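Chemist: structure for this input, please:
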Amino acid sequence: MKRWLCAVVALVTMAGCATAEPDPATHAAKLMAQAKAAAGGAQLDRAATFHSSGTRVRDGKVNGVYEEWGDYRTMAFTNVETFASVTTSGGFDGKVGWRLGPDGKAQIITNPQQLVGTKLSGYLDVQGYFFPDRFPAQFTYAGAREAEGNRYDVVVVTPVGGIPIDLWLDPQTHLLKRLTAKLGPASIQGDITQYQTIDGLQIVRTALQTMTTPAGAHTESQNVAAYRFEPIPSERLAIPK
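Modeler: Next comes the predicted model:
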């Protein structure tokens, strides 16, 4: 009888282990470690500053070009783009954001609520989710989701002072394929359609961003023609004077 009871207890224990859900934080950490390794691993830790350029298309019909400079260590960035012969720019210097219109006048962004979108751009540009020691955040596993017939593991990352971002990871390659977030009344979705290998790192080659607001949806595709890890003059990331 005693031996039989022990066998029953063992079976119940095994069944419980088989159906137990993974701890959301622990599983998220495991998935993010796999994603970082797939993206370049320790090579990512050595990245300092970058300069990229390419083309963008808004709503499938308005063509433009862009240049961007960024700092993996501070999230500072400067983005310059030209659509229909009109050039604008914007960025973040690590503390405040700014925008520069066609008239050349700089608008400084210091309001915490207004800074959310600017910081989000910087965080995603430098893949801040791979550097929780630099940019503290909370990670939790949100489960598996399907989209367009594909399955993804979804990790929600919430940077300190930021908004939650859903990271959709390919369970086969472990690479980030999609991200979604809510920014005020707007829903943002970014789809990475192609990667390229540069200096041993997986860098986005093509991507499509969709922003949906109560007024409608808008898209912007991006094709990265050049991406270089190179020193950047400090003034390039500073607020224009």
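Chemist: now do the same contact list for the residue nearest the centre of the chain.
Modeler: A centroid search over the chain (C-alpha atoms, centre = their mean) returns residue 124, at 3.4 Å, as the residue closest to the centre. The contact partners of residue 124, taken as C-beta atoms under 8 Å, 6 or more residues apart in numbering, are 165, 179, 190. Just so you know, the C-beta spots here come from the backbone N, C-alpha and C atoms, and that holds for glycine as well.
Chemist: I'd guessed the second one sits against residue 168; true?
Modeler: Which is residue 179. Yes. Contact criterion C-beta atoms under 8 Å: residue 179 and residue 168 qualify, at 6.6 Å.
Chemist: and the helices in this structure?
Modeler: For the chain, the helices defined by DSSP state H occupy 2-19, 24-39, 42-45, 112-125.
Chemist: tell me which residues are up against the shortest one.
Modeler: The contact list for helix 42-45, computed with C-beta under 8 Å, 6+ apart, reads 36, 127, 130, 131, 199, 200, 201.
Chemist: same list (these) but as a markdown table, adding neighbour count and distance to residue 232.
Modeler: Putting the contacts of helix 42-45 into a markdown table (neighbours: other C-beta atoms under 10 Å; distance: C-beta to C-beta, whole Å) gives the following:
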| residue | neighbour count | distance to residue 232 |
| --- | --- | --- |
| 36 | 18 | 23 |
| 127 | 21 | 17 |
| 130 | 21 | 20 |
| 131 | 19 | 18 |
| 199 | 12 | 16 |
| 200 | 11 | 20 |
| 201 | 19 | 17 |
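Chemist: which of those residues lies closest to residue 147?
Modeler: Nearest to residue 147 among the contacts of helix 42-45: residue 127, at 21.3 Å, using C-beta to C-beta.
Chemist: ok, that closest one touching residue 39?
Modeler: Yes. Using C-beta under 8 Å, residue 127 is in contact with residue 39, at 7.1 Å.
Chemist: pick out the shakiest of the helices of the chain, pLDDT-wise.
Modeler: Mean pLDDT is lowest for helix 2-19 among the helices of the chain, at a mean of 46.
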